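>>> Have a look at this fold, sequence not included:
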């Protein structure tokens, strides 16, 4: 039946292969568990229906067996009263009922085989689901670790390819350049200060000379 085929497919599923092929392993695992849970519920329902059908078949078989026995007793009663025709009719009914009982017995055997198959599938799927849940926890943990390692590796690769170092070198060069400019500016400021001082001295000397000249002129007689 299609239900058992789906169950068989789930039982044969290779989790490692499924995870390797999945774009989102955790999402795939959760979906797989959900599928198993749904199939488990369906199988459980079918098992309950099969059990009910088996009981019904057993009851019908029992009814036909009782009917066959009842008609046989009636045939015996008719023979006791020397009514052979009535006895033959009763025996005919008894045989028909017995044949139906045999037919129901065959159906019971077939139903029992189907019930055993579904029960076995249910137990296997139940065990597989528990196993899958445990494996899924481990696999999801592995997947999370793998992603973490991948991110760390990517970061190491980014550093290893020199991009980060080149950025630091550019920053260092910029700082050194700025420092050099500042040093140059300070040097220029220093030179200007010395020149200003000499210029001031020269100016003061000129003023002193002029002042001395004026004083000497005032000392001259009129």
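Received, thanks. Fair warning: this is a prediction, and the values are worked out from it, not measured in the lab. Residues are numbered from 1 along each chain as shown.
>>> which stretches of the protein form helices?
Secondary structure of the chain (DSSP state H): helices at 2-12, 15-21, 25-80, 84-160, 163-219.
>>> Output those helices as JSON lines; include the columns mean pLDDT and mean neighbour count.
In this view, the C-beta of every residue, glycine as well, is placed from N, C-alpha and C. Output for the helices of the chain, formatted as JSON lines (pLDDT from 0 to 100; neighbours: other CB atoms under 10 Å):
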{"stretch": "helix 2-12", "mean pLDDT": "59", "mean neighbour count": "14"}
{"stretch": "helix 15-21", "mean pLDDT": "64", "mean neighbour count": "13"}
{"stretch": "helix 25-80", "mean pLDDT": "90", "mean neighbour count": "15"}
{"stretch": "helix 84-160", "mean pLDDT": "85", "mean neighbour count": "14"}
{"stretch": "helix 163-219", "mean pLDDT": "69", "mean neighbour count": "10"}
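>>> From residue 38, how far off is the one residue sitting closest to the centre of the chain?
A centroid search over the chain (CA atoms, centre = their mean) returns residue 26, at 1.0 Å, as the residue closest to the centre. To residue 38, residue 26 is 19 Å away according to CB to CB, to the nearest Å.
>>> Show me what stretch 46-60 is in contact with.
Stretch 46-60 is touched from outside by 3, 104, 107, 108, 111, 112, 114, 115, 118, 119, 122, with contacts defined as CB atoms under 8 Å, 6 or more residues apart in numbering.
>>> In contact with the residue nearest to the centre of the chain, which residues?
Contacts for residue 26 (CB under 8 Å, 6+ apart) come out as 140, 143.
>>> Roughly how far does it sit from residue 143?
Distance from residue 26 to residue 143, counting by CB to CB: 6 Å.
>>> One more: residue 170?
For residue 170, the distance to residue 143 (CB to CB) stands at 38 Å.
>>> Okay, domains of the protein per the record?
2-161, 165-222 (automatic domain parsing).
>>> Among the contacts of stretch 46-60, which one sits closest to residue 98?
Of all the contacts of stretch 46-60, residue 104 has the smallest distance to residue 98: 10.7 Å, by CB to CB.
>>> In contact with that closest one, which residues?
Residues near residue 104 by CB under 8 Å, 6+ apart: 57, 60, 61, 64.
>>> Spit out the contact partners of the residue nearest to it when sequence neighbours are not counted.
Once flanking residues are discounted, residue 104 sits nearest to residue 61: 3.8 Å by CB to CB, 6 or more residues apart in numbering. Each residue near residue 61 by CB under 8 Å, 6+ apart is listed here: 101, 104, 105, 108.
>>> Could you export those residues as JSON lines, including distance to residue 30?
Formatted as JSON lines, the contacts of residue 61 follow (distance: CB to CB, whole Å):
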{"residue": "101", "distance to residue 30": "51"}
{"residue": "104", "distance to residue 30": "46"}
{"residue": "105", "distance to residue 30": "47"}
{"residue": "108", "distance to residue 30": "42"}
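>>> Looking at those residues, which is nearest residue 89?
For those, the residue nearest residue 89 by CB to CB is residue 101; the value is 19.0 Å.
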